[in-house]
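# Mind looking at a prediction? Sequence and model below.
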Amino acid sequence: MMDISRKISYTAEFITGNDNIDDLRYAISPKKISSYPFKKYIQVFATKEGFVPGLSIADLLFNTGPDAAGIFRKKGLP
């Protein structure tokens, strides 16, 4: 739906951060408030609850429809 193609590869061991690539594995966690700078978009209950950052890609898709890919890409992601 997002028309994003990524190369997926598997490793035999956990590789820690690499300065040559953006390591976003710890950017979002359900156990803590993220410091990741989420771009705001329209959410259904935003007028009542305010913008809730760090939700799933499904939230972005359901709330913005075809514009989701553009919002995702504006953040500098693939």
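Yep, that arrived. This one's a predicted model, so the numbers in the text were calculated from it and none came from an experiment.
# would you list every one of the helices in the chain?
Using DSSP state H, the helices of the chain run over residues 46-49, 57-64, 68-74.
# pLDDT below threshold where in this protein?
Applying pLDDT under 70 to the predicted model, the residue ranges of the chain that meet it are 1-2, 17-22, 24, 26-30, 32-36, 74-78.
# Recalculate using a threshold of 50.
76-78 (pLDDT under 50).
# What about Glu49, how many residues nearby?
By the other CB atoms under 10 Å criterion, the neighbourhood of Glu49 contains 9 residues. Where you see a C-beta, it was placed from the backbone N, CA and C, and this is true even at glycine.
# count of neighbours near the residue nearest to it when sequence neighbours are not counted?
Counting by CB to CB, 6 or more residues apart in numbering, the nearest residue to Glu49 once its immediate chain neighbours are dropped is Gln43, at 8.0 Å. Burial of Gln43, expressed as a neighbour count using other CB under 10 Å, amounts to 19.
# ok, Gln43 touching Phe62?
No. Contact between Gln43 and Phe62 fails when scored by CB atoms under 8 Å: they sit 9.3 Å apart.
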